[in-house]
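My questions are about this predicted structure, shown below with the sequence.
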Amino acid sequence: MKKKKFRVPEKKKLVHIEWGDAWSSGGWQGDRFGETPLKPHICNSIGWVVQANAAGITIAARVGEDGEYGNVSFIPSGMIMSCTTLKQGVLVNKGK
């Protein structure tokens, strides 16, 4: 897992974050559990920056007309592999 130094983005910017998440198993594990790779589950999140500092970043998937945020997530900086500011209003995947 290659990790870039986390740079704190500006508030209200739209960002894409690639980050390594913890995982767990809820069932019993036999001798084969040792064959499971010990690596984070790679996740991708897109949202508007609500708050950011050296500890991590809080993003929201939705922003209402009144400025309230919905579906808010905090990602600790130690889990962030990359954080890219996106251009708002630009269609990224135009299809084929």
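Everything's here; your move. Numbering: from 1, shown residues only.

how about the strands in the chain?
Here the chain has its strands, by DSSP state E, at 14-21, 41-53, 56-63, 69-76, 80-85.

The second one versus strand 69-76: what angle between them?
If I follow you right, that is strand 41-53. Strand 41-53 and strand 69-76 are oriented at 100 degrees to each other (axes from the mean of the first three to the mean of the last three CA atoms, to 10 degrees).

And the shortest one, by the same measure?
Here strand 80-85 runs at 140 degrees with respect to strand 69-76, directions being taken by the same axes, to 10 degrees.

Identify the neighbouring strands of strand 80-85 in the sheet and state each direction.
Next to strand 80-85 in the sheet, as set by DSSP bridges, lie strand 14-21 (antiparallel).

before we move on, back to that, which stretch among the strands of the chain comes nearest residue 30?
With CB to CB, the closest approach to residue 30 among those belongs to strand 41-53: 21.5 Å. Using the backbone N, CA and C atoms, a C-beta is placed for each residue, glycine as well.

Remind me what that closest one packs against, helices and strands.
Contacts defined by 3 or more CB pairs under 8 Å, 6 or more residues apart in numbering; DSSP states H and E place strand 41-53 against strand 14-21, strand 56-63, strand 69-76.
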